[in-house]
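[1] Let's see this in three dimensions:
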Amino acid sequence: MIRNIFILYEKGMESLRPHIENAVGQMMDCFPQYKGNYPIKTLGNWQSEKAKKNLPNGNVLLEPWESVEWYIGRAKLKAMEQGRWQTRGQISINQLWEDLSSDPYCKKIPQWSILVTKHDLYADGLNFCLGVSKENAFSIISTARFVDGNNRFDVEGFKTVVMHEFGHLIGLTHEGRVNTSEQLGSHCTNDGCIMQQRMDGDFSDITRIRLVAKQQYGLPPICSDCIDSGEKFFERQRALYNYTHRIFPNGRNS
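    Numbers count the residues shown, from 1 in each chain. Presented below is the predicted three-dimensional model:
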């Protein structure tokens, strides 16, 4: 095992578990020689044993980095400061990015994290954001814009965005790669690839193409350029892992 892939989500989102696992699993199927080194583990609405502290006044304090609830609460507070929670019911993706980037657990346990929220997300300078990813670290994804006016959930559209963000996590469209363009980050320009960017947030066409490619032709959700980039990414990760464990056979703290 090189890294765990941890899936976390807010309370009440348990029904999404198989869809998230399936989406990530389909992406890892594109790299069969590395898949076994990255087990998918769903932590759900995770909280540690020290997540909450009871205060003398009867209130409960959420301890930093010890629960999904803490992350979402921090993003909501930032949104309240900026007036976005009150006017649009959104939470701050910038705050989630900052807190996940500082997560001490990431230094203790080799991991990639996928955090899913039911709240609509916004970023500084953007009215809304379906998700965002930090390469070799984490993805943040919202389900809010996949629920229509009749409370029907677009499962396959959501899965496309999970795949898209996980693709960024594993460096598929790194800067300087062929057949990419800069649109809120580097994205693929190859037709039919889920790593394309949709500025309007509508991934319906890409989802339809993905499903036809899989069901009728058995094709992966990403193009050959993305697969090539992913293989190089995973090979670098394997080389770094092997080097580190030769130098520190009992871990970095030995």
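
[2] For the stretch 151-254 of the chain, which segments are assigned as strands?
    Secondary structure of the stretch 151-254 of the chain (DSSP state E, counting those that start in this stretch): strands at 180-182, 186-188.

[3] list the contacts for the residue nearest to residue 77 when sequence neighbours are not counted?
    If the residues on either side of it in the chain are set aside, residue 77 comes closest to residue 95, at 7.8 Å by Cβ to Cβ, 6 or more residues apart in numbering. (Glycine included, C-beta is placed from N, CA and C.) The contact partners of residue 95, by Cβ atoms under 8 Å, 6 or more residues apart in numbering, come to 74-75, 77-79.

[4] Recalculate using a threshold of 7 Å.
    74-75, 78 (Cβ atoms under 7 Å, 6 or more residues apart in numbering).

[5] Can you tell me which of these has the most neighbours?
    Using other Cβ atoms under 10 Å as the neighbour test, the contacts of residue 95 are led by residue 75, with 27 neighbours.

[6] That one touches residue 94, doesn't it?
    No: when contacts are counted by Cβ atoms under 7 Å, residue 75 is not listed as touching residue 94 (8.4 Å).

[7] where does the stretch 1-150 of the chain have low pLDDT?
    Along the stretch 1-150 of the chain, segments meeting pLDDT under 70 are nowhere present.

[8] Mind jotting down where the strands sit in it?
    4-9, 40-44, 52-54, 60-62, 90-92, 111-117, 120-123, 126-129, 131-134, 138-142.

[9] same for the second one, what does it pack against?
    Think strand 40-44. Strand 40-44 sits against strand 4-9, helix 17-29, with contacts defined as 3 or more Cβ pairs under 7 Å, 6 or more residues apart in numbering; DSSP states H and E.

[10] Out of the ones you listed, which gets nearest to residue 190?
    helix 17-29 (16.1 Å; Cβ to Cβ).

[11] Can you give me the buried ones in that closest one?
    Judged by neighbour count using 16 or more other Cβ atoms under 10 Å, the buried positions of helix 17-29 are 19-21, 23-24, 26-28.

[12] Residue 179: which of the contacts of residue 95 is nearest?
    Relative to residue 179, and with distances defined as Cβ to Cβ, the nearest of the contacts of residue 95 is residue 75, at 34.1 Å.

[13] For the closest one, list the residues it contacts.
    If you count contacts by Cβ under 7 Å, 6+ apart, then residue 75 has 91-92, 95-96 around it.
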